[in-house]
Structures are given as structure tokens and as C-alpha cells.
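Novice: A structural model of the following input is requested.
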Amino acid sequence: MNTVLILNQDYTPLTVCSVQRAFMLMFHQKADLIAEVKEKRLRSINQSFPFPSIIKVKYYICIPYKGVVMSRHNIFKRDGGKCQYCGIGKDLTIDHVVPRSKGGKSTWTNLVTACKKCNSRKSDYPLEKVGMKLFKQPIKPSYITFLKMNTGAYRDDWTPYLNPKKASA
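Specialist: So this is what the prediction gives:
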């Protein structure tokens, strides 16, 4: 796993970056090391450095909107790149669970990833009428949930920062 969790000055999660980027932030004294991977080291010709797992920026970064933007790409990510009706992972599109013609809105909780075959089968009908079911109910992901789902590498030592309730329980 070559990803590093970046925390804001107040220890809230900001994002995930590469080890190289994290090292440069620390090298230029813009971030401090919070946790390292003990089994690994970063090496130059004549020096050895800790392999970062979590770093914290030295100055607070104000982020006015810390939510997940609703986009086609992010809906596919939330749904794991699979049709929410049959589970197939190709020929995907977006479907309104409650059709727009029936008052359905384009919201996180009404849009799902669907293959073209299932989308055509469902057409303009409610799920019950065509006998289809969703694998899971669509949700609006929080920033932290989205970060955990989509980093590609989640480390156990990140838990206290990404899920503070679970860490203190």
C-alpha cells in the first residue's frame, strides 16, 4: 500500500496521497509524520527515512465544502462499478430508482448504477411493478465514507482518524 492519509492541522482527514507526495510535504516542512509503516523505509544513496502512513499538515487548510459532489463518476464509484440490479460490471449507465416521469429527482438516494439491459427492463416503472430489487439502497456518502471506499488502500492505523466513534468504542 503506497498511500498516505493526510490530516488537517486539527487532525480531521483531508485526503489521501502517494508516499512520494507525502515525503515531499514532510521534506519541505509543510507536514509532520503522525504514523509510519515500521516494516518499510524510504532510502536515498546515504540516508534512510520513515515510510509514512499518516501525516498532518502544519497549517490549517480551510475547505468550505467538504462533501462529495454528485456526479456520474462518483455514483459509479459509490456503487462499486456494478449494476445495482444484477451485479454485472459492464455496459453501465445511471438509472433513476423512482423514474423522473413519476416525480423522481436526480439525487444521491434516487440514482443508481445500472447495466443497459436492466435499465431497459425497468424502463419507466417502479421496481415492484417489474419485479426487480436493488442490491443495496442508494445513500449519499459522507466525505469520510467516500474517502474510505475509494482510496484503494485502507490501513488499520487510519481508523481513529476516519472513524473516531469506532476507535473510541
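
Novice: Dump stretch 53-62 to PDB, keeping only the CA atoms.
Specialist: Extracted C-alpha coordinates of stretch 53-62, given in PDB (Å, rounded to 0.1, in the frame of the first residue of the first chain):
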ATOM      1  CA  SER A  53       1.300   6.100   6.700                       C
ATOM      2  CA  ILE A  54      -0.300   9.300   8.200                       C
ATOM      3  CA  ILE A  55       0.900  12.900   8.000                       C
ATOM      4  CA  LYS A  56      -0.600  16.100   9.400                       C
ATOM      5  CA  VAL A  57      -0.200  19.500   7.600                       C
ATOM      6  CA  LYS A  58       1.300  22.200   9.800                       C
ATOM      7  CA  TYR A  59      -1.100  24.900   8.800                       C
ATOM      8  CA  TYR A  60      -4.900  24.600   8.800                       C
ATOM      9  CA  ILE A  61      -6.400  24.300   5.400                       C
ATOM     10  CA  CYS A  62      -9.900  25.700   5.200                       C
END
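
Novice: Give me the contacts around it.
Specialist: Stretch 53-62 has contacts (C-beta atoms under 8 Å, 6 or more residues apart in numbering) with 4-11, 14, 22, 25-26, 29-37, 155, 157-158, 161. For the C-beta atoms, the positions are set from N, CA and C on the backbone; glycine is no exception.

Novice: Check stretch 32-45 too.
Specialist: For stretch 32-45, contacts defined as C-beta under 8 Å, 6+ apart pick out 7, 19, 23, 26, 48-56, 58, 157.

Novice: on that earlier part again, can you say which of the contacts of stretch 53-62 are buried?
Specialist: Among the contacts of stretch 53-62, those buried by neighbour count (16 or more other C-beta atoms under 10 Å) are 4-8, 14, 22, 25-26, 31, 33-37, 155, 158, 161.

Novice: So which of those belong to helices?
Specialist: Of the buried ones among the contacts of stretch 53-62, the ones assigned to helices by DSSP state H are Ala22, Leu25, Met26, Tyr161.

Novice: ok, the last one - contacts?
Specialist: Applying C-beta under 8 Å, 6+ apart, one finds that Tyr161 lies in contact with Leu5, Leu7, Tyr11, Thr12, Pro13, Ile54.

Novice: ok, 10 Å please
Specialist: Leu5, Ile6, Leu7, Tyr11, Thr12, Pro13, Ile34, Ala35, Ile54, Lys56, Ile144, Ala167 (C-beta atoms under 10 Å, 6 or more residues apart in numbering).

Novice: Minimum pLDDT in those residues, which residue is that?
Specialist: Lowest-confidence member of these: Ala167, scoring 50 (pLDDT).

Novice: can you tell me which strand in the chain is longest?
Specialist: strand 31-43 (DSSP state E).
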